[in-house]
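*Asks:* The following comprises the amino acid sequence and a computationally predicted model.
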Amino acid sequence: MIIAVHQPNYLPYLGFFDKMEKADIFVIYDNAQFSKEDYHHRNRVRIFNGWKWLTVPVEKKRIPINQIMVVNSSSTKEENKWNHKHLRVISDNYKNAPFYEDYIDAFYKIYEKEYCSLCELNMDLILLLKEAFDIGTEILYTSDLGQLSSSSQGLVEIVQKVDGDTYLSGQGGKNYLDISLFKDKGIKVDFQNYVHPIYKQCYEGFVPYMSAIDALFNTGKLPI
């Protein structure tokens, strides 16, 4: 059984869902430490002259992601709130995409809620995209798996706790994984060989590694 692990990023890119689709169980590392430089609270969408960050305002603390709180505006004006700004950017730039009308109402339902927890917001978006891409992989959370070690040993423990025999890592894992720890426990390690697909975007040219909503609105599916 193939196990993959990933932090709950904001509006993840396609490679996140490619790894999820290739796994039997996808474990959300929700108690990993938050990093403001990572994609935990931000991601990019396509605009006419390239791309634009969508960033959720959060408390930037060195604490687990599932403890990070969203900083919501106290303004009574809807246009000043971060979620309405994100919706405006998405709507302005994808309203002419072929599958925009099929999915935008589901995004509105999420963005019109006022979230306190970054992790809850991210997971609602991730689960929406998972369903839209018709991915049936089981989702689990590290916070439900009990005490775990750090680094490679922690990943070995995750695979063992969910009875996996293969760990699917991103390519970046080649730089930090201690493969011997997996071998010692009889766990095979595979590396995701992700090649970003090219499809027609709303604007001229192709810019890869956008949030997966770019592919959803433009293709209506998980492109291969």
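*Replies:* Thanks, I have the structure now. Numbers count the residues shown, from 1 in each chain.
*Asks:* Helices along the protein, start to end?
*Replies:* Under the criterion DSSP state H, helices of the chain are mapped to 14-22, 82-94, 100-111, 118-132, 151-161, 179-184, 213-219.
*Asks:* and those helices, which is most packed in?
*Replies:* helix 213-219 (a mean of 24; mean count of other CB atoms under 10 Å). No exception for glycine: its C-beta is placed from N, CA and C like everyone else's.
*Asks:* so what secondary structure elements neighbour it?
*Replies:* Packed against helix 213-219 by the contact rule (3 or more CB pairs under 8 Å, 6 or more residues apart in numbering; DSSP states H and E) you find strand 42-47, helix 82-94, helix 100-111, helix 118-132.
*Asks:* Reformat the ones you listed as CSV; add mean pLDDT and distance to Phe16.
*Replies:* Rendered in CSV, the data for the helices and strands packed on helix 213-219 read as follows (pLDDT from 0 to 100; distance: least, CB to CB, whole Å):
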stretch, mean pLDDT, distance to Phe16
strand 42-47, 98, 10
helix 82-94, 96, 18
helix 100-111, 98, 17
helix 118-132, 98, 8
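*Asks:* Arg74: neighbouring residues, count only.
*Replies:* Careful, residue 74 is Ser and not Arg. 7 (other CB atoms under 10 Å).
*Asks:* no, scratch that, I was asking about Ile224
*Replies:* When neighbours are defined as other CB under 10 Å, Ile224 has 8 of them.
*Asks:* Make sure it is actually in contact with Pro197.
*Replies:* Yes. The pair Ile224 / Pro197 is scored as a contact, 6.0 Å apart, by CB atoms under 8 Å.
*Asks:* what is in contact with those two at once?
*Replies:* Contact criterion CB atoms under 8 Å, 6 or more residues apart in numbering; residues shared by Ile224 and Pro197: none found.
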